[in-house]
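Visitor: Sequence and predicted structure are below.
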Amino acid sequence: MGTVHRSGVFKKTNDSARIIIITILGVVFGFFIGVSFPYASLNKIHLPSSLISSLDVALPDDNDFPRDRSPETTGGNVPKIYVPTNPRGAELLPPGIVVAESDLYLRRLWGEPGEDLKKKPKYLVTFTVGIAQRNNIDACVKKFSEDFQILLFHYDGHTTEWDQFEWSKNAIHVSVRKQTKWWYAKRFLHPDIVASYEYIFIWDEDLGVEHFNGERYIELVKKHGLEISQPGLEPNNGLTWQMTKRRGDREVHKITEEKPGWCSDSHLPPCAAFVEIMAPVFSREAWRCVWYMIQIHNGLFIK
């Protein structure tokens, strides 16, 4: 009898311990399940209307979330994003994640962005190039100082061969096969991307630059307030248009006089509003206007 009584007490104690252990495990398991799943909005859970009415719960509505925000700050001095179509949560992105302007440089994941460049270039010079013209491009690039950033658009896929040039290590290379320079300009030179440059050169790859000086050219452009310009070409090369020739009696010219019969009216195209696209140079403001005029679809593309 004594033995049976002790067995009953022992069994009862085991049952109580088992219940306590199961309860603790259930709480721990439930906690991890809860933190493992993302927040689910109640307005996406279809509950019976009778159950919803019995719960004192306010279902969130789309109108409860901020949409249009000041580009500066709102309550609490937290920077917001002024884009109504952004998804929920974008309003709380920390400063610096979304910026109005960028540039063409790859950035490190550490340190200050301003430390990536020892000297920030003021001007951007772009060439659309093939490997066969590498020596001529080498001669062109050497006409520009460190104030000019070089950007090469490779239409033939060859990029590694340019490593033979020391300046190529600091140049920016973009490789897309068989495209014209204006396609590259429209695709990669958005005004916000190149906004840090005062002037943008969009040049052909076969230019002769024996008598060209990049610093002197910028000096003249600024002196005369030129928004769209091009270096004058040597007059002994059998040029077609008189207006593109270099004139030794003046620093710049806008003369539209041509050979007899070439222009019926000097105030109308082709002698007026003439833009030579072989070696144009645009100011930052002019490029913002011109970029939107370049058409690259439905056959309406400048070549």
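Guide: Now that the structure is in, tell me what you want to look at.
Visitor: does residue 116 really touch residue 105, like I thought?
Guide: Yes. Between residue 116 and residue 105 there is a contact under CB atoms under 8 Å: 6.3 Å. The C-beta positions use only the backbone N, C-alpha and C, and glycine is treated the same way.
Visitor: continuing past the helix or strand of the chain with the lowest mean pLDDT, what's the next helix or strand?
Guide: Sorting the helices and strands of the chain by mean pLDDT, DSSP states H and E puts helix 49-54 at the bottom, at a mean of 44. Counting by DSSP states H and E, the next helix or strand C-terminal to helix 49-54 is strand 123-129.
Visitor: what packs against that following strand?
Guide: Here strand 123-129 touches helix 134-141, strand 148-154, helix 181-188, strand 199-203, helix 214-223, going by 3 or more CB pairs under 8 Å, 6 or more residues apart in numbering; DSSP states H and E.
Visitor: Which one, of the ones you listed, ends up nearest to residue 110?
Guide: Among those, the nearest to residue 110 by CB to CB is strand 148-154 (23.2 Å).
Visitor: tell me which residues in the helix or strand following that closest one are buried?
Guide: Next in sequence after strand 148-154, counting helices and strands by DSSP H and E, comes strand 172-175. For strand 172-175, burial by neighbour count (16 or more other CB atoms under 10 Å) applies to 172, 174.
Visitor: what are the pairing partners of strand 172-175, and which direction each?
Guide: Sheet pairing of strand 172-175 (DSSP bridges) gives strand 148-154 (parallel).
Visitor: Convert the partner strand to CSV, retaining C-alpha atoms only.
Guide: In CSV, the C-alpha atoms belonging to strand 148-154 read as follows (Å, rounded to 0.1, in the frame of the first residue of the first chain):
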residue,chain,number,x,y,z
PHE,A,148,38.8,67.4,-68.2
GLN,A,149,37.2,64.0,-67.5
ILE,A,150,37.5,61.6,-70.4
LEU,A,151,34.6,59.3,-71.2
LEU,A,152,34.9,56.7,-74.0
PHE,A,153,31.9,55.1,-75.6
HIS,A,154,33.1,51.8,-77.2
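Visitor: could you dump the helices and strands packed on strand 123-129 to JSON lines with distance to residue 111?
Guide: JSON lines is the format used below for the helices and strands packed on strand 123-129 (distance: least, CB to CB, whole Å):
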{"stretch": "helix 134-141", "distance to residue 111": "29"}
{"stretch": "strand 148-154", "distance to residue 111": "21"}
{"stretch": "helix 181-188", "distance to residue 111": "26"}
{"stretch": "strand 199-203", "distance to residue 111": "28"}
{"stretch": "helix 214-223", "distance to residue 111": "31"}
